[in-house]
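A.B. asks: Need the 3D shape of this:
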Amino acid sequence: MPPPINCATTSLTPYTSESTLPWDLSRLKHLYRRTSLGAYYQDRLGELDSDPQTIITQILEAAVTAPLSPEPEWAYWTLDDYGDDIGQMVGEQTIEWATHWIRSMYQGGLRDKLSFFWHNHFVTRLDDYQCPSYLYQYHRLLETYALGNFKDFVYEIGITPAMLIFLNGVQNTKFEPNENYARELLELFTLGVDNGYTQMDIEAAARILTGWNGFTTACDEITFRPELHDTGEKTIFGRTGNWTYDDLIDILFEERGLDIAKNICGKLYAYLVNPKPSESIIEELAILMVDNDYALLPVISALIRSEHFFDEVHLETVIPGHMELYLTHCQELNLTLNDEIYLAIGSVSSDLGQRIFNPVDVAGWQGNRNWINTNTFITRWRGLISITNLAYTVQPEVLRTFAMSITNDSNDPYFITRTIVDYFIDRGLPLDEEYERAAMRFKAEIPQNYYDDGSWNLNWDTAPGQITLLINYIVTLPEFQLK
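C.D. replies: Alright, predicted model coming up:
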């Protein structure tokens, strides 16, 4: 099958409001949908009068300076710190951190969005290591390096306890080498599948990685034990020596740095821009990454600042994961969420196959079109309807304010319908008949004469319910799935 075609012709030249690409609401939405989980755009409309580069600078600075998650009391607990109710305490701590992470994604920005991206790249599974302390330490690493140095990230992730347990590093000794982490280090975490490494390279890497076996208590620190490390000569990527873990990472990036950069830049491109790759742009970004000693910030900055990022081709081309879809819907309605709602979103997403802390396997969630099938499509929009109905139940005035704000308090049901549809679906609906059907949902059972004589308006008691009906119709449309 030929690769999908990316038709964008724009470059990495910085985008400006004077560009041939208009700085409009569609591109404002695109920026926030890609660098966070959306926004309440009525609060952002003033930014259309600003230089987009200034706004992007603020987004990047906020990401770089965002504080790390506060350390919980149990951040370094071992099995010995738990009492007889260990099962209940572990469950409570896991729920605590799940709630924290989902809240961080909703309230945060680019740093938190990228942390979740790296969670699906450097995959570990809580079900395998089962220690809340390891979970916290793993998450802290994702936050620390979300826009940091990728080479350092690779080094640290390989010896973090969650990864050492998940990919059997603690079982990898000179007496019985285990190839699991060595294989995934090359195949998934750096070079990509079948990208110029051999079984001999994997075997050598496994021997180099031996010795990270030192712990005596469950959930305790895992240390290096020299006596379990293979000190014999190993040959990897054509280089022979008594290599250590530090040497392995250095050799990997020295010998195959550009290939690593291409793989990582390709994954970032698919996540931030378009699942259909632009090989020329990815090549430029990879060279930039190598030239900056594998720092991620210059690459991400160059990409989201570019004309290419804002190209019309890339608007509404990503199908977000279940959790991202639900949180973006809440964000764009300007809903205030509590911990109960965060957990509900996490639970529904889990039922659909996106279980936080537990990607499906070491390759992670495949994303985009893989989120959608005949079952998940229906369940996704049912979840969205539940969110809108919840807003109607507990925050009805938020819905009224939302509609009045984006329609300038219009009392024309057709104008209101089209405006709300186009708010959620930038490319709009292809046929006027589709807007007519949406308007019929919005008008509900209000007699037509109240619309004809202009007496109906958004201050009516029925308005929040009508807005709910319209939004619940919109979320069932296939176009709504694209962000």
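A.B. asks: Tell me the confidence at N375?
C.D. replies: On pLDDT, N375 comes in at 87.
A.B. asks: and the gap between the closest residue to D43 other than its chain neighbours and T198?
C.D. replies: Nearest residue to D43, sequence neighbours excluded (Cβ to Cβ, 6 or more residues apart in numbering): N334, at 7.7 Å. (C-beta placed from N, C-alpha, C; glycine too.) From N334 across to T198, the span is 54 Å (Cβ to Cβ, to the nearest Å).
A.B. asks: do the same with D128
C.D. replies: 28 Å.
A.B. asks: more crowded one of N334 and T198?
C.D. replies: Set N334 next to T198 and count neighbours by other Cβ atoms under 10 Å: N334 wins out with 18 against 11.
A.B. asks: so what's the more buried one up against?
C.D. replies: Contact partners of N334, counting by Cβ atoms under 8 Å, 6 or more residues apart in numbering, are 40, 42-43, 398, 401-402.
A.B. asks: Can you check the pLDDT for it?
C.D. replies: 92.
A.B. asks: And it, its phi and psi?
C.D. replies: Dihedral pair for N334: phi 70, psi 40, per degrees, to the nearest 10.
A.B. asks: Distance-wise, check it relative to Y106.
C.D. replies: Taking Cβ to Cβ, one finds N334 at 12 Å from Y106.
A.B. asks: now swap in H229 and tell me
C.D. replies: Separation of H229 from Y106 (Cβ to Cβ): 44 Å.
A.B. asks: ditto for I165
C.D. replies: 29 Å.
A.B. asks: try T417
C.D. replies: Distance from T417 to Y106, by Cβ to Cβ: 28 Å.
A.B. asks: can you check Q448 too?
C.D. replies: 40 Å.
A.B. asks: With neighbour numbers in mind, choose between the two.
C.D. replies: Ranked by neighbour count (other Cβ under 10 Å), Q448 and Y106 place Y106 first, with 22 against 10.
A.B. asks: Could you find the closest non-adjacent residue to the more buried one?
C.D. replies: That would be L327: by Cβ to Cβ, 6+ apart, it lies 5.0 Å from Y106.
A.B. asks: List the buried residues of the helix or strand M105 falls within.
C.D. replies: Using DSSP states H and E, the element containing M105 is helix 86-107. Across helix 86-107, burial judged by 16 or more other Cβ atoms under 10 Å covers 89-90, 93-94, 96-106.
A.B. asks: Which other helices and strands does the helix or strand harbouring E254 contact?
C.D. replies: Assigning secondary structure by DSSP H and E places E254 in helix 245-272. Applying 3 or more Cβ pairs under 8 Å, 6 or more residues apart in numbering; DSSP states H and E, we find helix 245-272 packed against helix 150-158, helix 199-208, strand 239-241, helix 279-291, helix 297-304.
A.B. asks: Save these as TSV, and put in distance to I56, mean neighbour count and mean pLDDT too.
C.D. replies: Formatted as TSV, these follow (distance: least, Cβ to Cβ, whole Å; neighbours: other Cβ atoms under 10 Å; pLDDT from 0 to 100):
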stretch	distance to I56	mean neighbour count	mean pLDDT
helix 150-158	21	20	98
helix 199-208	39	20	98
strand 239-241	41	12	98
helix 279-291	16	18	98
helix 297-304	6	20	98
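A.B. asks: can you redo the ones you listed as CSV with distance to C219?
C.D. replies: Compiled in CSV, those are given as follows (distance: least, Cβ to Cβ, whole Å):
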stretch, distance to C219
helix 150-158, 18
helix 199-208, 25
strand 239-241, 35
helix 279-291, 35
helix 297-304, 33
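A.B. asks: list the helices and strands the helix or strand harbouring H30 packs on?
C.D. replies: Assigned by DSSP H and E, H30 belongs to helix 25-35. Helix 25-35 is packed against helix 52-65, helix 297-304, with contacts defined by 3+ Cβ pairs under 8 Å, 6+ apart.
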